[in-house]
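Visitor: Just to be clear, the model below is a prediction. Sequence and coordinates:
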Amino acid sequence: MSTVDVNAKIPNNVDLQHDKRLLRALEQWQPNYMQWWMDMGPAGFQGADVWLRTATSVDAEGWAHFDYVKMPDYRWGIFLADPVPDRKIGFGDGYGQPTWPVVPGEHRNTLRRLIVTQGDTEPASVEQQRMLGQTAPSLYDMRNLFQVNVEEGRHLWAMVYLLHSQFGRDGREEAEALLERRSGDSDKPRILGAFNQPIDNWLDFFMFTMFTDRDGKYQLLALAESGFDPLSRTTRFMLTEEAHHMFVGETGVERIVQRTAELMKQDPNEDARAQGGVPLDMIQRYLNLWFALSLDLFGGEISSNAASFFAAGLKGRYKEDTFADHLALDQAYRMAVPKEGRVVEEEVALRTAMNEVLRDAYVDDCQRGVDRWNKRLEEAGISFRFELPSKRFYRHIGLYAGLPFDPEGRPLGREDWDRRRTEWLPGESDRAYVAALQKQVREAGQIAHWIGKPPRGIKGLPFEYEYVRLD
Ligand SMILES: [Fe+2]
Ligand SMILES: [Fe+2]
């Protein structure tokens, strides 16, 4: 078990103090990171004491320590999962060969691109969420938001460590650029679409952590398979932090659904809106939006890049070891391809369909969460059911990009799409309604009207605990 030096200027379990060059490079980047955090981190709460967990080791049992911390004092650092002895490349043309402890020259550019793309999403989400503390529905939720934010900051550290330690001058320049792009900025936007979308209310936030953070989980799982061992070890530890983000999203939506159901039952017409709740069809529209935006993050359905990442042993499948054949050479994947206004099934070479294979695993995972929300409706005796829209609905990347499909995946005429769009996606009146519900609740134990309390608090503490000390 590697030991974690928590008290170092940069907490780490990679023996930084014995690599002076790297230590110096990271110590130079650190103040720029802090400046970015003060400028773009949670607005208005940098002085508040927040009940946060901090990584103190990388083993499953005892990795986290909970205490009040002011966010700028959070111990951001570098934590890699312990190495697996004699680890071999698990897929692709180099199947069975030893993994690489340092970046191989021929994959240098590709790996740098993969790491930068992943790294860019981490600060982007902090930027997207920076105003949400102002409208937190409870101190419990506010604390969860800040926990997610500091951990996304740490994920940036994780990727910057790889850039600095393995990619020389190029890596240092990329690490600076990660602090310079800004979510939603037209001149210097973040790299991926969903990370430039505004998240200005808590319904967006919960949908984002449910669906977009879950894309992150699957990207990290694919990178955890990588033959580039430092990337595998970094992403494996990031996954332990990521799990909490999806918990926040999934249970956040669940609590809105439960509250809506309760309010419907109090109304003679089962009208949630009349009782100040978020109507179920409105929740469905936010679900449609964030699910579709998140599907785009997996990339095109047929992708020569995905095929070469797989061939080269850089990016594997979800749980690669559960597949019988790790070469994926002579197999086909059947997918629905749009042709002249219709959709036809076609077979494509499996390696070119690796984005789609990962997307399928993701969709199944999302479905489990949606089933859970539907269970709450069933228990409440309400017949409405949430549904994931078709993978073809509202896509901006890949085979279906820009083509009008309804949520069932049926092709539509352009006019039908324009006319019915606000049935399926949040429109201005939805946004105005949700915005009007957003008010900060600052008293411990209190909660906004439109969302239910969680059944329990953090780490054995009650919901009523003062998770954020304001003032
Ligand atoms: Fe992350
Ligand atoms: Fe996350």
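Guide: Yep, that arrived. Numbering: from 1, shown residues only. Ligands and ions are numbered 1, 2, ... in the order given.
Visitor: ok, residue 357 to ligand 2 distance?
Guide: According to CB to the ion, to the nearest Å, residue 357 stands 22 Å off from ligand 2. For glycine as for every other residue, the C-beta is placed from the backbone atoms N, C-alpha and C.
Visitor: Leaving out chain neighbours, which residue sits closest to the residue of the stretch 101-250 of the chain found nearest ligand 1?
Guide: Relative to ligand 1, the nearest point of the stretch 101-250 of the chain is residue 155 (3.7 Å; CB to the ion). Distances taken as CB to CB, 6 or more residues apart in numbering place residue 122 nearest to residue 155, at 4.0 Å, with adjacent residues excluded.
Visitor: The residue of the stretch 101-250 of the chain closest to ligand 1 in helix, strand or coil?
Guide: helix (DSSP: H, G, I helix; E, B strand; the rest coil).
Visitor: next one: the longest helix seen in the chain to chain centre, how far?
Guide: When the chain is parsed with DSSP state H, its longest helix is helix 229-266. When distances are taken as CA atoms, centre = their mean, to the nearest Å, helix 229-266 is centred 10 Å away from the chain's centroid.
Visitor: And the residue of the stretch 101-250 of the chain closest to ligand 1, how close does it get to ligand 2?
Guide: 7 Å.
Visitor: Touching, the residue nearest to residue 155 and residue 149? I think so.
Guide: No: using CB atoms under 8 Å, residue 122 is not in contact with residue 149, being 10.1 Å away.
Visitor: ok, those two, which is more surrounded?
Guide: Neighbour count, other CB atoms under 10 Å: between residue 122 and residue 149, residue 149 has more, with 27 against 22.
Visitor: so the residue lying closest to that one once chain neighbours are set aside, which of the three states?
Guide: Distance criterion CB to CB, 6+ apart; nearest residue to residue 149, sequence neighbours excluded, is residue 126 at 5.0 Å. Recorded secondary structure, residue 126: helix (three-state DSSP).
Visitor: With residue 118 instead?
Guide: Going by three-state DSSP: residue 118 is helix.
Visitor: Enumerate every residue touching it.
Guide: Counting by CB atoms under 8 Å, 6 or more residues apart in numbering, residue 118 touches 159, 219-220, 223.
Visitor: And it, what's its pLDDT?
Guide: Looking at residue 118, its pLDDT is 96.
Visitor: do you know how far it is from ligand 2?
Guide: From residue 118 to ligand 2 the distance is 11 Å (CB to the ion).
Visitor: One more: residue 404?
Guide: In terms of CB to the ion, residue 404 sits 32 Å off from ligand 2.
Visitor: And for that residue, the neighbour number?
Guide: Residues contacting residue 404 under the criterion other CB under 10 Å number 19.
Visitor: Wait, it touches residue 416, no?
Guide: Yes: the pair residue 404 / residue 416 is scored as a contact, 7.1 Å apart, by CB under 8 Å.
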